[in-house]
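**Student:** sequence plus the predicted model coming up.
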Amino acid sequence: MRPHLRITRELSEALDAGQAVVALESTIISHGFRYPANVECARECESIAREEGVIPATIAVIGGQLAVGLSEQEIERLGRSREIPKASRRDLPLLIASGRDGATTVAGTMAVAAMAGIGVFATGGIGGVHRGAEHSFDISADLEELARTSLAVVSAGAKSVLDPGLTLEYLETRGVPVLGYRTGAFPAFYTRDSGFPVDARLETPEEIASVLQAKWEAGLTGGVLVVNPIAEEHALPADGVESAVSSALAEAREGGIRGKAVTPFLLARIHELTGGASEAANKELVWSNVRLASRIALALASRGRRTHIRGRQL
């Protein structure tokens, strides 16, 4: 075992037994919503996974340890504090060495989940290629992590503030399959269709599990992005979202907001501009993704073949 990896007994026993486990991120707790909505959302994610018969593994950095599975008190701590830094892959060694807390991003969660031997991860939306990246070179580490790490990531596409076309081009270049769950269109977080197609449409969690198993058993390392569009009844009007995004982006540029601070600022501003509708949609799509990820994890487990073992991918 890795010396800085902390796994709860429940999760350790489940992983050893080949039971279905789904990883959950912690940035959504510290940077996704305001307190107490952030804590309530995180608890609901864990509850949904358990309802589906899967063990949830919320991941964060706690006191310099890579924590796989959090206590109620730790979730509350992450939700209440406004001083928790975002933790991508590059930040993990700094947080370990300094003994600090950190809320793992998609990339950070993937890296730690793979260390623990977890093969399926649910999030809201991945990071991607930012608008204007041809000038700024602002590309999320999430995309590189998908190219590097053999996990299935279930999301509602890329966040609406990004460039979906360039994001898909980058994923294609890095060899990451993009599978649509009951959709042929790449969703754009709050909306169901970005105007760009996915690589393949699949209708069931079992079909998705078969693709994952085929990829990893063939020795084709790297992740798979499974996109699950927000339900029609919770989706926001595309023109309203674009208007809010454009306004928020202009404000970020004028305010000199860059780097890690951009996405939290944009999401908070879009929440204000949409009168809170974006937050309600965000919660619904996250919960839907947890449900789908849980069913994919169950389908993988039911095949009687673990795609991962501790510290080594098969």
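**Tutor:** That came through fine.
**Student:** pretty sure Val68 sits against Arg9.
**Tutor:** No: Val68 is beyond contact range of Arg9, at 11.2 Å (criterion: Cβ atoms under 8 Å). From N, CA and C alone the C-beta is placed, and that goes for glycine too.
**Student:** nearest residue to Ala248 other than its sequence neighbours?
**Tutor:** Nearest residue to Ala248, sequence neighbours excluded (Cβ to Cβ, 6 or more residues apart in numbering): Arg269, at 4.0 Å.
**Student:** now the helix or strand where that neighbour lies, how far from the chain's geometric center?
**Tutor:** Counting by DSSP states H and E, the element that carries Arg269 is helix 262-273. Averaging C-alpha positions (Cα atoms, centre = their mean, to the nearest Å) puts helix 262-273 18 Å from its chain's average.
**Student:** pLDDT of that helix, averaged?
**Tutor:** Across helix 262-273, the average pLDDT comes to 81.
**Student:** so what secondary structure elements neighbour that helix?
**Tutor:** Identification of packing neighbours for helix 262-273 by 3 or more Cβ pairs under 8 Å, 6 or more residues apart in numbering; DSSP states H and E yields helix 238-254, helix 277-302.
**Student:** and the contacts of stretch 265-279?
**Tutor:** 32-33, 37, 159-161, 190, 236, 240-241, 243-245, 247-249, 251-252, 255, 257, 282 (Cβ atoms under 8 Å, 6 or more residues apart in numbering).
**Student:** ends of it, what's the gap?
**Tutor:** End-to-end distance for stretch 265-279: 13 Å, by Cα to Cα, to the nearest Å.
**Student:** show me what counts as buried in that stretch.
**Tutor:** Phe265, Leu266, Leu267, Ala268, Arg269, Ile270, His271, Leu273, Thr274, Ala277, Ser278, Glu279 (16 or more other Cβ atoms under 10 Å).
**Student:** show me where the chain has its helices.
**Tutor:** 9-16, 27, 37-51, 72-80, 92-98, 106-116, 133-136, 141-148, 164-173, 205-217, 238-254, 262-273, 277-302 (DSSP state H).
**Student:** how about a markdown table for the ones you listed, with distance to Arg182 added?
**Tutor:** Formatted as a markdown table, the helices of the chain follow (distance: least, Cβ to Cβ, whole Å):
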| stretch | distance to Arg182 |
| --- | --- |
| helix 9-16 | 28 |
| helix 27 | 27 |
| helix 37-51 | 19 |
| helix 72-80 | 31 |
| helix 92-98 | 35 |
| helix 106-116 | 22 |
| helix 133-136 | 30 |
| helix 141-148 | 21 |
| helix 164-173 | 19 |
| helix 205-217 | 10 |
| helix 238-254 | 19 |
| helix 262-273 | 26 |
| helix 277-302 | 10 |
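**Student:** what's the closest of these to Gly223?
**Tutor:** Among these, helix 141-148 comes nearest to Gly223, with 4.1 Å by Cβ to Cβ.
**Student:** just give me the longest strand of the chain.
**Tutor:** For the chain, the strand with the greatest residue count under DSSP state E is strand 55-62.
**Student:** just want the angle from it to helix 9-16.
**Tutor:** Per axes from the mean of the first three to the mean of the last three Cα atoms, to 10 degrees, the angle that strand 55-62 makes with helix 9-16 is 120 degrees.
**Student:** as CSV, could you dump the C-alpha coordinates of strand 55-62?
**Tutor:** This file holds the C-alpha atoms of strand 55-62, laid out as CSV (Å, rounded to 0.1, in the frame of the first residue of the first chain):
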residue,chain,number,x,y,z
ILE,A,55,-20.2,1.7,-1.8
PRO,A,56,-19.5,5.4,-2.2
ALA,A,57,-15.9,6.6,-1.9
THR,A,58,-15.8,10.4,-1.5
ILE,A,59,-12.2,11.4,-2.0
ALA,A,60,-10.2,14.4,-0.5
VAL,A,61,-6.9,15.2,1.1
ILE,A,62,-7.3,15.3,4.8
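**Student:** pLDDT of it, averaged?
**Tutor:** Mean predicted confidence for strand 55-62 is 98.
**Student:** off-centre distance for it?
**Tutor:** The answer for strand 55-62 is 13 Å, by Cα atoms, centre = their mean.
**Student:** on that earlier part again, which of the helices and strands packed on helix 262-273 is buried the deepest?
**Tutor:** Ranked by mean neighbour count, the helices and strands packed on helix 262-273 are led by helix 277-302 with a mean of 23 (mean count of other Cβ atoms under 10 Å).
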